[in-house]
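Engineer: Quick one: sequence plus predicted model below, questions after.
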Amino acid sequence: MTGRNHDPSIGIFDSGVGGLSVLISLLQELPNENVNYFGDQIHVPYGTRTLEEVREYSTAITRFLLDRGAKIIVVACNTASAAALQFLRHTFPNTPFVGMEPAIKPAAENTRTGIVGVLATPATFQGALYASVIERFASNVLVVQNTCPGLVQQIERGAIEADETRTILESAILPMMDQGIDTIVLGCTHYPFVIPLINEIVGPDVRVIDPALAVARQVARVLEATNRKNLDIKPGKLKFYTSGKSDRFKVLLKKLLNETHPAQEVSWDNYEIRIK
C-alpha cells in the first residue's frame, strides 16, 4: 500500500552507495521527481549473500519505500535485480519496477575483437537473469568474467582511489586484457565510481559500459506509460535512508555526489524496517 501522507516519489534502493551511480542519472533525467533513496549498509555486500536473503531484504525495503509514497521502485543493485526482481513484481503487482541488467547486448553488438569482459558479484553471475542475457545476446562472443572480491567494500569505505582498489581492479582486468577484450561491462552499480581508475588501467582502446543512463531513461518511459510522471516544474525533493550509520553515509554522499545531504538512520526488526 502506498503511503498516503507522503508525496509521490521514485523509490530507489541498493545494498549501500552503489545505487547512487543510478541516482545521478535519474536526477539528470527526471529533475522534477521526488526521490527516496535507501542504502542497506548493514547488509552490504549483497553479492556474497544467498538469493533468499537478498529477496527478503528487497521485499522489506520495497514495503518501506511504498509506505513513503513510492509510485515506482528502482532496484539499483544488480544482485537484488538478479535475485528478487521477478519476485517483487509478483508480490507487488500494482507497482512498476525497473531493475539492473548487465549491458551484454550493446557490448556484444559493438565489440571488434569478439571478446567482452564483465565485472559483477558472485550472486549476479549465478542468477537466472545473467544466464538469460548471455544466452540471448552473447552466443557469438567470448565473455570473460571476474567478481572483483573486495571492490564493493572499498567503494563503501570511500576508498575509490586507494592503492588496494587499484590492485583489485588490476587483478581482475589485466588477465582479461591478455585475452583480448575491447569492452568491459560493469555489472554492479558500485563499480561506476571507479571508472576513472578502470580507464587508467585499460587505456583508450577499451570501452567501459555504465548502464545508469539507460536505466534512468527506462524509468522515465515507465512513468510516462503509466501516467505517473510528475508534471510539476519545481525541483523534486531528495531523501536518503540508511540501515548503517548516518554520519558515515553523509560523508560518502559528499564524496560520491559532491553534495551535502542529511540521511535518516533506520533499524531492522525481524525483516521490518523502522525509523530510528
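Structural biologist: Received the coordinates, thanks. Numbers count the residues shown, from 1 in each chain.

Engineer: how far away is residue 25 from residue 38?
Structural biologist: 17 Å (CB to CB, to the nearest Å). C-beta here means a position set from N, CA and C on the backbone, and glycine is covered the same way.

Engineer: Ok, residue 18 next?
Structural biologist: Using CB to CB, one obtains 12 Å as the distance from residue 18 to residue 38.

Engineer: who's more crowded, residue 25 and residue 38?
Structural biologist: Ranked by neighbour count (other CB atoms under 10 Å), residue 25 and residue 38 place residue 38 first, with 28 against 20.

Engineer: care to break the protein down by domain?
Structural biologist: The chain breaks down into these domains under automatic domain parsing: 9-100+213-275, 104-210.

Engineer: Rebuild the ones you listed as TSV, extending it with mean pLDDT.
Structural biologist: Below are the domains of the chain laid out as TSV (pLDDT from 0 to 100):
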stretch	mean pLDDT
domain 9-100+213-275	95
domain 104-210	95
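
Engineer: my guess is residue 46 meets residue 61, correct?
Structural biologist: No: taking contacts as CB atoms under 8 Å, residue 46 lies outside contact range of residue 61: 11.1 Å.

Engineer: what touches both of those two?
Structural biologist: residue 40 (CB atoms under 8 Å, 6 or more residues apart in numbering).

Engineer: need the helices for the chain, in chain order.
Structural biologist: Listed in chain order, the helices of the chain (DSSP state H) span 20-29, 51-67, 78-91, 104-110, 122-126, 128-137, 151-156, 163-179, 195-202, 212-225, 246-257.

Engineer: Output those as TSV; include the columns distance to residue 272.
Structural biologist: Below are those laid out as TSV (distance: least, CB to CB, whole Å):
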stretch	distance to residue 272
helix 20-29	25
helix 51-67	7
helix 78-91	15
helix 104-110	36
helix 122-126	24
helix 128-137	27
helix 151-156	24
helix 163-179	35
helix 195-202	37
helix 212-225	27
helix 246-257	19
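
Engineer: how about those helices, which one is nearest residue 116?
Structural biologist: Among the helices of the chain, the nearest to residue 116 by CB to CB is helix 104-110 (4.6 Å).

Engineer: Tell me which residues touch the closest residue to residue 257 other than its chain neighbours, please.
Structural biologist: Excluding the flanking residues, the one nearest residue 257 by CB to CB, 6 or more residues apart in numbering is residue 20, at 6.2 Å. Residues near residue 20 by CB under 8 Å, 6+ apart: 14, 37, 193, 253, 256-257.

Engineer: among these, who's most crowded?
Structural biologist: Top of these by neighbour count (other CB under 10 Å): residue 14, with 30 neighbours.

Engineer: mind checking how far the closest residue to it other than its chain neighbours is from residue 110?
Structural biologist: Excluding the flanking residues, the one nearest residue 14 by CB to CB, 6+ apart is residue 77, at 4.3 Å. To residue 110, residue 77 is 25 Å away according to CB to CB.
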